[in-house]
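K.L.:
Curious how this folds, go ahead:
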Amino acid sequence: MSRFLRVTALLGSVTVLTLLVQVVRTKLVALQVGKAGMALVAQFADWQTFLSTFVLLGAEQGLVALGTDAWTRGEPAAVDRLLATVRRVTVPVGFALLLLTAASPWLVPWVTGYQGSFWPGVAATAVLLTQLWVRPRQALLNGAQAFGLLARSRVLESVLGLLVVAPLVLLWQRDGALWSVSAIPLVGVVAPAWAWRKLPRPVDQGHVGDAANEWQVLRQFGLVSLVGAAVSNLAMLVVRRRIVA
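P.N.:
Residues are numbered from 1 along each chain as shown. Model (predicted):
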(Lines give C-alpha, C1' and ligand atoms only; values in the text may rest on other atoms or scores of the structure.)
Protein backbone atom coordinates (compact mmCIF):
# COMPACT_ATOMS: atom_id res chain seq x y z
CA MET A 1 0.00 0.00 0.00
CA SER A 2 2.84 2.42 0.85
CA ARG A 3 4.41 1.79 -2.58
CA PHE A 4 1.04 2.41 -4.22
CA LEU A 5 0.67 5.72 -2.35
CA ARG A 6 4.20 6.83 -3.23
CA VAL A 7 3.75 6.06 -6.91
CA THR A 8 0.32 7.71 -6.99
CA ALA A 9 1.62 10.84 -5.25
CA LEU A 10 4.61 11.04 -7.58
CA LEU A 11 2.76 10.61 -10.86
CA GLY A 12 -0.18 12.71 -9.62
CA SER A 13 2.15 15.58 -8.74
CA VAL A 14 3.85 15.31 -12.12
CA THR A 15 0.46 15.36 -13.86
CA VAL A 16 -0.56 18.51 -11.98
CA LEU A 17 2.75 20.21 -12.81
CA THR A 18 2.49 19.20 -16.46
CA LEU A 19 -1.07 20.55 -16.70
CA LEU A 20 0.01 23.85 -15.12
CA VAL A 21 2.81 24.21 -17.67
CA GLN A 22 0.38 23.45 -20.49
CA VAL A 23 -2.12 26.02 -19.15
CA VAL A 24 0.62 28.67 -19.09
CA ARG A 25 1.67 27.69 -22.60
CA THR A 26 -1.91 27.81 -23.92
CA LYS A 27 -2.58 31.16 -22.23
CA LEU A 28 0.60 32.60 -23.72
CA VAL A 29 -0.45 31.52 -27.20
CA ALA A 30 -4.05 32.73 -26.73
CA LEU A 31 -2.96 36.21 -25.62
CA GLN A 32 -0.83 36.60 -28.74
CA VAL A 33 -3.01 35.07 -31.48
CA GLY A 34 -6.59 35.59 -30.26
CA LYS A 35 -9.64 33.37 -30.70
CA ALA A 36 -9.29 32.89 -34.46
CA GLY A 37 -5.62 31.99 -34.05
CA MET A 38 -6.41 29.48 -31.32
CA ALA A 39 -9.03 27.83 -33.55
CA LEU A 40 -6.41 27.49 -36.27
CA VAL A 41 -3.79 26.11 -33.88
CA ALA A 42 -6.35 23.58 -32.62
CA GLN A 43 -7.12 22.60 -36.20
CA PHE A 44 -3.43 22.11 -36.87
CA ALA A 45 -3.09 19.97 -33.74
CA ASP A 46 -6.12 17.92 -34.82
CA TRP A 47 -4.47 17.25 -38.19
CA GLN A 48 -1.28 16.09 -36.53
CA THR A 49 -3.15 13.97 -33.95
CA PHE A 50 -5.21 12.37 -36.72
CA LEU A 51 -2.06 11.33 -38.58
CA SER A 52 -0.09 10.34 -35.48
CA THR A 53 -2.77 7.77 -34.68
CA PHE A 54 -1.57 5.83 -37.72
CA VAL A 55 2.14 5.97 -36.83
CA LEU A 56 1.90 2.73 -34.85
CA LEU A 57 -1.39 1.67 -36.43
CA GLY A 58 -3.17 2.28 -33.12
CA ALA A 59 -1.12 -0.32 -31.24
CA GLU A 60 0.45 1.93 -28.57
CA GLN A 61 -1.75 0.63 -25.74
CA GLY A 62 -0.94 -2.90 -26.80
CA LEU A 63 2.75 -2.06 -26.53
CA VAL A 64 2.20 -0.67 -23.03
CA ALA A 65 0.42 -3.87 -21.97
CA LEU A 66 2.99 -6.22 -23.50
CA GLY A 67 5.85 -4.04 -22.27
CA THR A 68 4.50 -4.16 -18.70
CA ASP A 69 4.33 -7.95 -18.90
CA ALA A 70 7.88 -8.21 -20.27
CA TRP A 71 9.42 -5.90 -17.65
CA THR A 72 7.54 -7.69 -14.85
CA ARG A 73 8.89 -11.06 -15.99
CA GLY A 74 12.40 -9.59 -16.32
CA GLU A 75 12.80 -10.50 -20.00
CA PRO A 76 14.87 -7.99 -21.98
CA ALA A 77 14.65 -10.33 -24.97
CA ALA A 78 10.88 -9.84 -25.02
CA VAL A 79 11.30 -6.06 -24.96
CA ASP A 80 13.77 -6.19 -27.84
CA ARG A 81 11.46 -8.50 -29.76
CA LEU A 82 8.59 -6.04 -29.33
CA LEU A 83 10.70 -3.31 -30.90
CA ALA A 84 11.63 -5.66 -33.74
CA THR A 85 7.94 -6.46 -34.25
CA VAL A 86 7.04 -2.78 -34.45
CA ARG A 87 9.75 -2.19 -37.05
CA ARG A 88 7.69 -4.32 -39.44
CA VAL A 89 5.15 -1.51 -39.71
CA THR A 90 7.62 1.38 -39.97
CA VAL A 91 8.41 0.89 -43.66
CA PRO A 92 4.83 1.18 -45.02
CA VAL A 93 3.89 3.83 -42.45
CA GLY A 94 7.04 5.83 -43.17
CA PHE A 95 6.36 5.66 -46.91
CA ALA A 96 2.78 6.84 -46.36
CA LEU A 97 4.00 9.75 -44.20
CA LEU A 98 6.52 10.73 -46.89
CA LEU A 99 3.72 10.84 -49.46
CA LEU A 100 1.57 12.94 -47.10
CA THR A 101 4.51 15.27 -46.46
CA ALA A 102 4.95 15.75 -50.20
CA ALA A 103 1.22 16.47 -50.58
CA SER A 104 0.89 18.61 -47.43
CA PRO A 105 1.67 22.00 -49.09
CA TRP A 106 -1.68 21.62 -50.86
CA LEU A 107 -3.45 19.29 -48.46
CA VAL A 108 -2.97 21.10 -45.13
CA PRO A 109 -4.24 24.53 -46.25
CA TRP A 110 -7.32 22.79 -47.63
CA VAL A 111 -7.86 20.91 -44.36
CA THR A 112 -7.31 23.92 -42.09
CA GLY A 113 -8.90 26.57 -44.28
CA TYR A 114 -5.88 28.86 -43.84
CA GLN A 115 -3.56 29.49 -46.78
CA GLY A 116 -0.70 30.62 -44.54
CA SER A 117 -0.22 27.04 -43.33
CA PHE A 118 1.95 25.98 -46.30
CA TRP A 119 5.37 25.43 -44.70
CA PRO A 120 4.14 24.82 -41.14
CA GLY A 121 1.90 22.14 -42.63
CA VAL A 122 4.87 20.44 -44.25
CA ALA A 123 6.70 20.49 -40.91
CA ALA A 124 3.68 19.25 -38.94
CA THR A 125 3.46 16.21 -41.21
CA ALA A 126 7.19 15.54 -41.59
CA VAL A 127 7.85 15.65 -37.83
CA LEU A 128 5.71 12.52 -37.43
CA LEU A 129 8.49 10.55 -39.11
CA THR A 130 10.53 11.03 -35.94
CA GLN A 131 7.74 9.41 -33.95
CA LEU A 132 8.36 6.13 -35.77
CA TRP A 133 11.50 5.87 -33.68
CA VAL A 134 10.47 7.42 -30.39
CA ARG A 135 6.84 6.37 -29.80
CA PRO A 136 7.42 2.59 -29.51
CA ARG A 137 10.07 3.28 -26.88
CA GLN A 138 7.78 5.74 -25.11
CA ALA A 139 5.06 3.08 -24.96
CA LEU A 140 7.46 0.47 -23.57
CA LEU A 141 8.79 3.03 -21.10
CA ASN A 142 5.23 3.63 -19.89
CA GLY A 143 4.96 -0.07 -19.16
CA ALA A 144 8.38 -0.41 -17.54
CA GLN A 145 7.21 0.51 -13.99
CA ALA A 146 10.20 2.90 -13.71
CA PHE A 147 8.00 5.55 -12.16
CA GLY A 148 10.70 7.99 -11.04
CA LEU A 149 12.29 7.96 -14.48
CA LEU A 150 8.92 8.34 -16.17
CA ALA A 151 8.07 11.31 -13.94
CA ARG A 152 11.30 13.13 -14.78
CA SER A 153 10.77 12.42 -18.46
CA ARG A 154 7.29 13.96 -18.46
CA VAL A 155 8.41 17.06 -16.59
CA LEU A 156 11.34 17.49 -19.00
CA GLU A 157 9.03 17.15 -21.99
CA SER A 158 6.55 19.74 -20.63
CA VAL A 159 9.22 22.30 -19.76
CA LEU A 160 10.95 21.89 -23.13
CA GLY A 161 7.60 22.45 -24.84
CA LEU A 162 7.11 25.73 -22.95
CA LEU A 163 10.64 26.90 -23.75
CA VAL A 164 10.03 26.25 -27.43
CA VAL A 165 6.61 27.90 -27.64
CA ALA A 166 7.48 31.15 -25.86
CA PRO A 167 10.00 32.60 -28.36
CA LEU A 168 8.13 31.30 -31.41
CA VAL A 169 4.83 32.90 -30.42
CA LEU A 170 6.30 36.13 -29.05
CA LEU A 171 8.36 36.71 -32.19
CA TRP A 172 6.05 35.43 -34.94
CA GLN A 173 2.55 35.46 -33.42
CA ARG A 174 0.13 33.20 -35.36
CA ASP A 175 2.76 31.74 -37.69
CA GLY A 176 4.96 31.00 -34.68
CA ALA A 177 2.05 29.23 -32.99
CA LEU A 178 1.57 27.05 -36.07
CA TRP A 179 5.27 26.18 -36.17
CA SER A 180 5.10 25.28 -32.47
CA VAL A 181 2.69 22.45 -33.29
CA SER A 182 5.60 20.82 -35.12
CA ALA A 183 8.37 21.99 -32.82
CA ILE A 184 6.89 20.68 -29.55
CA PRO A 185 6.79 16.97 -30.52
CA LEU A 186 10.16 17.32 -32.25
CA VAL A 187 11.79 18.70 -29.10
CA GLY A 188 9.78 16.17 -27.09
CA VAL A 189 11.80 13.40 -28.72
CA VAL A 190 14.62 14.32 -26.32
CA ALA A 191 12.74 13.28 -23.17
CA PRO A 192 11.80 9.67 -24.06
CA ALA A 193 15.19 9.18 -25.75
CA TRP A 194 16.95 10.24 -22.55
CA ALA A 195 14.65 8.09 -20.40
CA TRP A 196 15.14 5.06 -22.63
CA ARG A 197 18.92 5.29 -22.28
CA LYS A 198 18.61 5.61 -18.50
CA LEU A 199 16.16 2.73 -18.14
CA PRO A 200 17.74 -0.19 -16.24
CA ARG A 201 17.43 -3.42 -18.19
CA PRO A 202 15.80 -6.34 -16.35
CA VAL A 203 17.73 -9.53 -15.68
CA ASP A 204 17.21 -12.07 -18.44
CA GLN A 205 15.62 -15.22 -17.04
CA GLY A 206 15.96 -17.14 -20.28
CA HIS A 207 12.26 -17.34 -21.18
CA VAL A 208 11.05 -15.93 -24.47
CA GLY A 209 7.36 -15.80 -25.32
CA ASP A 210 5.59 -16.38 -28.61
CA ALA A 211 6.23 -13.54 -31.07
CA ALA A 212 3.20 -14.51 -33.16
CA ASN A 213 0.97 -14.16 -30.09
CA GLU A 214 2.40 -10.70 -29.34
CA TRP A 215 1.73 -9.61 -32.92
CA GLN A 216 -1.86 -10.81 -32.58
CA VAL A 217 -2.29 -8.81 -29.35
CA LEU A 218 -0.93 -5.67 -31.03
CA ARG A 219 -3.32 -6.11 -33.95
CA GLN A 220 -6.30 -6.51 -31.62
CA PHE A 221 -5.41 -3.40 -29.62
CA GLY A 222 -4.51 -1.49 -32.76
CA LEU A 223 -7.72 -2.15 -34.67
CA VAL A 224 -9.95 -0.81 -31.89
CA SER A 225 -7.74 2.21 -31.18
CA LEU A 226 -7.24 3.03 -34.84
CA VAL A 227 -10.92 3.02 -35.75
CA GLY A 228 -12.04 4.90 -32.63
CA ALA A 229 -9.34 7.57 -32.75
CA ALA A 230 -9.62 8.03 -36.52
CA VAL A 231 -13.37 8.62 -36.38
CA SER A 232 -13.09 10.99 -33.40
CA ASN A 233 -10.22 13.03 -34.82
CA LEU A 234 -11.74 13.19 -38.28
CA ALA A 235 -14.97 14.55 -36.79
CA MET A 236 -12.99 17.24 -34.94
CA LEU A 237 -11.19 18.16 -38.17
CA VAL A 238 -14.49 18.64 -39.99
CA VAL A 239 -16.08 20.68 -37.19
CA ARG A 240 -13.08 22.96 -36.69
CA ARG A 241 -12.67 23.36 -40.44
CA ARG A 242 -16.12 24.96 -40.51
CA ILE A 243 -15.24 27.17 -37.52
CA VAL A 244 -12.04 28.41 -39.15
CA ALA A 245 -13.87 28.97 -42.46
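K.L.:
now the helices for the protein?
P.N.:
2-52, 60-73, 76-112, 118-126, 128-142, 147-187, 190-198, 211-244 (DSSP state H).
K.L.:
JSON lines for those helices, including mean neighbour count and mean pLDDT?
P.N.:
Every residue, glycine included, has its C-beta placed from N, CA and C. JSON lines is the format used below for these (neighbours: other CB atoms under 10 Å; pLDDT from 0 to 100):
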{"stretch": "helix 2-52", "mean neighbour count": "15", "mean pLDDT": "85"}
{"stretch": "helix 60-73", "mean neighbour count": "20", "mean pLDDT": "88"}
{"stretch": "helix 76-112", "mean neighbour count": "16", "mean pLDDT": "85"}
{"stretch": "helix 118-126", "mean neighbour count": "20", "mean pLDDT": "84"}
{"stretch": "helix 128-142", "mean neighbour count": "20", "mean pLDDT": "89"}
{"stretch": "helix 147-187", "mean neighbour count": "19", "mean pLDDT": "90"}
{"stretch": "helix 190-198", "mean neighbour count": "17", "mean pLDDT": "90"}
{"stretch": "helix 211-244", "mean neighbour count": "15", "mean pLDDT": "79"}
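K.L.:
Please look at residue 183 and residue 163 and confirm they touch.
P.N.:
No. Using CB atoms under 8 Å, residue 183 makes no contact with residue 163, being 10.2 Å away.
K.L.:
So residue 3 versus residue 243, what's the distance?
P.N.:
47 Å (CB to CB, to the nearest Å).
K.L.:
gap between residue 48 and residue 200?
P.N.:
Distance from residue 48 to residue 200, by CB to CB: 33 Å.
K.L.:
same question, residue 49
P.N.:
Counting by CB to CB, the gap from residue 49 to residue 200 is 32 Å.
K.L.:
do the same with residue 44
P.N.:
Residue 44 is 38 Å from residue 200, by CB to CB.
K.L.:
cool, residue 194 as well?
P.N.:
Applying CB to CB to residue 194 and residue 200 gives a distance of 14 Å.
K.L.:
do the same with residue 71
P.N.:
10 Å.
K.L.:
Kindly report the same for residue 33.
P.N.:
Taking CB to CB, one finds residue 33 at 43 Å from residue 200.
K.L.:
Residue 16 too?
P.N.:
For residue 16 relative to residue 200 (CB to CB), the value is 27 Å.
K.L.:
what does residue 120 give?
P.N.:
From residue 120 to residue 200 the distance is 39 Å (CB to CB).
K.L.:
same deal with residue 98?
P.N.:
36 Å.
K.L.:
Residue 25 is in contact with residue 162, isn't it?
P.N.:
Yes. Residue 25 is within contact range of residue 162, at 5.1 Å (criterion: CB under 8 Å).
K.L.:
quick one: contacts for residue 182?
P.N.:
48, 120, 123-124, 126-127 (CB atoms under 8 Å, 6 or more residues apart in numbering).
K.L.:
tell me which of those residues is nearest to residue 107?
P.N.:
Nearest to residue 107 out of those is residue 124 (CB to CB; 10.9 Å).
K.L.:
Excluding chain neighbours, what is closest to the closest one?
P.N.:
residue 182 (4.6 Å; CB to CB, 6 or more residues apart in numbering).
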